[in-house]
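Trainee: Here is a sequence with its predicted model. Questions after.
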Amino acid sequence: LEVPLPQVSTTEVRPEEETLLKSRPFPVGEKLTYSIRWTGLHVGHADLEVKDIIAFNGFRAYRVISRAWSNDFFSLIYRVDDMIQSFIDLNNFYSLRIEKRQEEGNYRSFKITEYDQANHMARQFKYKSGSVEETKFNISPAVHDVLSCLYYLRGQDLKVGESVFIKVNADGKNYDLEVKVHKKERIEVGNMGT
């Protein structure tokens, strides 16, 4: 199957990147783990992880991974094993590539979208039954994918009563995502405090 494989290599953080990385609200290596509940029952788990900094097709990039999977009991009824991997430009903080694999019940899907931010174009590859369907489309400048937009939002100065707008591309479509900030609240997080 002719699909572009990225040139990826894990690298050490460069000294000139230290200040930039410290200004971001998440460290490399951060892993958030969630329990997924449905009607009060524990049915699975989800992880969000800032895996590492990599050299990616000539760019320096974050590799961010999201994974959600059903537990053993719920998998007997409806098995879920989804993974999204996003490559986010380290300096400009926009998406370079997203890989999305879904396994939900009998449904299977695997898509790769590569973003050419300089030319505002993207190529998407959909895998189906051993073949690949390629499409090309325009994207907004500095567009985000469904995972990179979450990390972008974490770096914004959120104010109650105001909105943050993010250009997002998902499944070949461009959106102006509006995030409305309704309130702030303090929460207790296990052994980590308030």
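Mentor: Thanks, I have it.
Trainee: following the longest strand along the chain, which helix or strand shows up next?
Mentor: Taking DSSP state E as the criterion, the chain has its longest strand at strand 41-56. Counting by DSSP states H and E, the next helix or strand C-terminal to strand 41-56 is strand 59-70.
Trainee: how many other residues sit next to residue 163?
Mentor: Residue 163 has 11 neighbours, counted by other CB atoms under 10 Å. Every residue, glycine included, has its C-beta placed from N, CA and C.
Trainee: That one and residue 154: what is the separation?
Mentor: Here residue 163 is placed at a distance of 16 Å from residue 154 (CB to CB, to the nearest Å).
Trainee: Repeat that for residue 137.
Mentor: For residue 137 relative to residue 154 (CB to CB), the value is 27 Å.
Trainee: Looking at those two, which is more packed in?
Mentor: In this view residue 137 and residue 154 are compared by other CB under 10 Å, and residue 137 has more residues nearby, 14 against 11.
Trainee: The more buried one touches residue 172, doesn't it?
Mentor: Yes. With contact defined as CB atoms under 8 Å, residue 137 counts as touching residue 172 (5.5 Å).
Trainee: Find residues that contact each of the two.
Mentor: The overlap between the contact sets of residue 137 and residue 172 (CB atoms under 8 Å, 6 or more residues apart in numbering) consists of 122, 124.
Trainee: where does the chain have low pLDDT?
Mentor: Within the chain, the segments meeting pLDDT under 70 span 1-10.
Trainee: quick one: the helices in it?
Mentor: Secondary structure of the chain (DSSP state H): helices located at 18-23, 72-75, 148-154.
Trainee: which one of the ones you listed is the most hemmed in?
Mentor: Burial of the helices of the chain is given as mean neighbour count (mean count of other CB atoms under 10 Å); helix 148-154 ranks first at a mean of 19.
Trainee: center of this protein, which residue is that?
Mentor: Taking CA atoms, centre = their mean as the criterion, residue 147 is the residue nearest the geometric centre of the chain, at 2.3 Å.
Trainee: so what's that one up against?
Mentor: 64, 66, 84, 86, 98.
Trainee: neighbours of the closest residue to it other than its chain neighbours, just the number please.
Mentor: Nearest residue to residue 147, sequence neighbours excluded (CB to CB, 6 or more residues apart in numbering): residue 86, at 4.0 Å. By other CB under 10 Å, 26 other residues sit near residue 86.
Trainee: got the contact list for residue 86?
Mentor: Contact analysis of residue 86 by CB under 8 Å, 6+ apart lists 62, 63, 64, 65, 66, 95, 97, 98, 99, 145, 147, 148.
Trainee: Bridged to the spatially closest residue to the fifth one that is not a sequence neighbour, which residues?
Mentor: Leaving aside its sequence neighbours, residue 66 sits nearest to residue 84 (CB to CB, 6+ apart; 4.4 Å). For residue 84, the beta-bridge assignment (DSSP bridges) gives partners residue 66, residue 100.
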